[in-house]
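Asks: Sharing a sequence plus its predicted fold:
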Amino acid sequence: DFYEKYLAPESLYMILDEEFANKFSKLLHDSGYKTNLESFVSLLRWTRMPLLKKSGLFMAVMQTNMLRYLVDFQRVLKKHKDEYKMTSDSRKKNELERKMLVEKQWIRTLYTIGDGIAWRAFSFNRPLLRIMSENSSPGEIAQIDYDYVKVLRSVLANAPRFTFRIANDLTRFLRIADLTIFYRDGRVLLYEI
């Protein structure tokens, strides 16, 4: 088994500090983490396929699904955090810590995949990307007085034909605007919802 051969706790302690190795080994033994891992690896491969990575429609559909998952993971994480604050049972707290760790890793993984999409779309232009990251982090995608995610998914899916678009909330560093649209003639539009 891949996990036992390459990511056994003994191997982890050789390359990671002890606290992180303990957390990582808990992830690897979590059945939900193993189940979802294959789906996320598949998602990562799809976003990097040369033929599809410049297809605006394909990447828009991919990102609308990623947004849905991101909101779900953030909602579950918030629920676990609230439960953690309310309980005093140490066994329950340990279980909730493990669940929160798993949810945080899925959120981190989605952001990492989104970052990869954006880096390639911007042709790895570091100075421009640094400027795009100089705003405060949006944090959790919350639905306050309207369904922001629904509107964002709609705009993402219905952007002009023959454009490549990025939902900025799926990245860690695109902190200006909500959507970035790349036109074939080289123009870039920052769209705020």
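Replies: Nice, thanks for sending it over.
Asks: the strands in the chain, which residues?
Replies: 163-167, 179-183, 188-191 (DSSP state E).
Asks: Redo these as a markdown table? Include distance to residue 86, mean pLDDT and mean neighbour count.
Replies: Placement of C-beta: from N, CA and C, glycine included. Converted to a markdown table, those look like this (distance: least, CB to CB, whole Å; pLDDT from 0 to 100; neighbours: other CB atoms under 10 Å):
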| stretch | distance to residue 86 | mean pLDDT | mean neighbour count |
| --- | --- | --- | --- |
| strand 163-167 | 33 | 88 | 22 |
| strand 179-183 | 37 | 89 | 18 |
| strand 188-191 | 40 | 88 | 14 |
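Asks: and residue 75, which of these is closest to it?
Replies: Nearest to residue 75 among the strands of the chain is strand 163-167; the distance by CB to CB comes to 17.4 Å.
Asks: Can you name every helix or strand that the closest one contacts?
Replies: helix 56-86, helix 90-121, helix 148-157, strand 179-183 (3 or more CB pairs under 8 Å, 6 or more residues apart in numbering; DSSP states H and E).
Asks: and those, which is most packed in?
Replies: Mean neighbours per residue, mean count of other CB atoms under 10 Å, is largest over the helices and strands packed on strand 163-167 for strand 179-183, with a mean of 18.
Asks: show me what contacts the nearest residue to residue 188 once chain neighbours are set aside?
Replies: Using CB to CB, 6 or more residues apart in numbering and skipping the chain neighbours, the partner closest in space to residue 188 is residue 182 (5.6 Å). Counting by CB atoms under 8 Å, 6 or more residues apart in numbering, residue 182 touches 121, 163-166, 188.
Asks: what's the closest of the residues you listed to residue 113?
Replies: For these, the nearest to residue 113 is residue 166 (11.7 Å; CB to CB).
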